[in-house]
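*Asks:* Here is a sequence together with a model predicted from it:
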Amino acid sequence: MDNTVETARDFTSRWHTPPNFRVAAGLVPFKRAFPDTIHVLDVARRDPETRVTILGGGDPAVRTAQSAAFRTAPLDEITTWPFRLAHFNLERFYDGLLRDFQERVMIPWRTFIASQGFTWLRCAPALFISSQGSSSTYHADNSHGLVWQIAGTKSFHSYRDPDRITPVEAAISGEITAEQPPPHSATDRHSIRMRPGDLAWSHVLTPHWVTSESPLAMSVTISHGGLCHQGCYAHRGAALRRHWDANPNEVWLTDLRNTRY
């Protein structure tokens, strides 16, 4: 069940309600050819804000050594390691690696969703690169995400009916976050296999995990904090706002960073 949303009308009618769905490439006004994955990996791994996790169940000492060497080791070596890399502040690369990203991706996308009646508190991209067999954590984001697969193949896993699987309160508190998803029925799972150029919509506070199925896979997720359509929030987004109203000490603007990848 991964019906593709192909028109703006369909998007505005489905953006707020799970399950996640594919988005037709023709609906999104992206005009940028992304740099080569190896080049992006080489530049991103050297940035101090890049987060890298070495995975695998082998010798912990080996993983520790690989973590220490990741930023300087030969590229053909680190691409054989099981790892996931994330960067949540791509503006740091707007004067170099992603010089025209703002003009050719972010501005057209913001213009498109604004023209459809959407408002938001934050709309910003995050970068993800992983090696074959790697997986993200099992988590739920405090924002909606447009997932853009750029290179390699990944599968984006969630649930057909997340309200039945876990209450929104558990997603808000972060108590569901783990390295692996909990045991569940295959009939409950909803997976979207993504190849280069594919796009998908990930709903706010929907538990999910992502697996990599090619030697290297790279994607960008544009996250939307506080997304609202003509004055209305998604059901789970409204629950999050009620939680922040009741707990102002949590400073709800912290939803603008995803720290659970």
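*Replies:* Thanks, I have it.
*Asks:* what about the helices in this protein?
*Replies:* Using DSSP state H, the helices found in the chain span residues 8-14, 37-45, 60-69, 75-78, 101, 107-115, 162-165, 168-173, 235-246.
*Asks:* Adding mean pLDDT, distance to L227 and mean neighbour count, write those out as CSV.
*Replies:* For every residue, glycine as well, the C-beta is placed using N, CA and C. What follows is these, written out as CSV (pLDDT from 0 to 100; distance: least, C-beta to C-beta, whole Å; neighbours: other C-beta atoms under 10 Å):
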stretch, mean pLDDT, distance to L227, mean neighbour count
helix 8-14, 96, 12, 15
helix 37-45, 98, 26, 18
helix 60-69, 94, 35, 13
helix 75-78, 96, 36, 13
helix 101, 95, 21, 19
helix 107-115, 95, 8, 14
helix 162-165, 90, 17, 16
helix 168-173, 90, 16, 18
helix 235-246, 90, 7, 16
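*Asks:* Output those helices as a markdown table; include the columns distance to A25.
*Replies:* Shown next, in a markdown table, are those (distance: least, C-beta to C-beta, whole Å):
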| stretch | distance to A25 |
| --- | --- |
| helix 8-14 | 13 |
| helix 37-45 | 19 |
| helix 60-69 | 36 |
| helix 75-78 | 29 |
| helix 101 | 18 |
| helix 107-115 | 13 |
| helix 162-165 | 26 |
| helix 168-173 | 29 |
| helix 235-246 | 26 |
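*Asks:* Output the below-cut-off pLDDT ranges for this structure.
*Replies:* Low-confidence segments of the chain, defined by pLDDT under 70: 1-2, 251-261.
*Asks:* Need the contact partners of stretch 39-46.
*Replies:* Stretch 39-46 is contacted from outside by 34, 50, 52, 70-71, 75, 78-79, 85, 87, 93, 96-97, 127, 129, 216, 218, using C-beta atoms under 8 Å, 6 or more residues apart in numbering.
*Asks:* related to what we said a few turns ago, nearest to R189, of the helices of the chain?
*Replies:* helix 162-165 (9.5 Å; C-beta to C-beta).
*Asks:* Need the CA coordinates for the closest one. PDB is fine.
*Replies:* What follows is helix 162-165, C-alpha atoms only, in PDB (Å, rounded to 0.1, in the frame of the first residue of the first chain):
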ATOM      1  CA  PRO A 162       0.300   3.900  13.600                       C
ATOM      2  CA  ASP A 163      -2.400   4.900  16.000                       C
ATOM      3  CA  ARG A 164      -3.200   1.200  16.600                       C
ATOM      4  CA  ILE A 165       0.500   0.300  17.100                       C
END
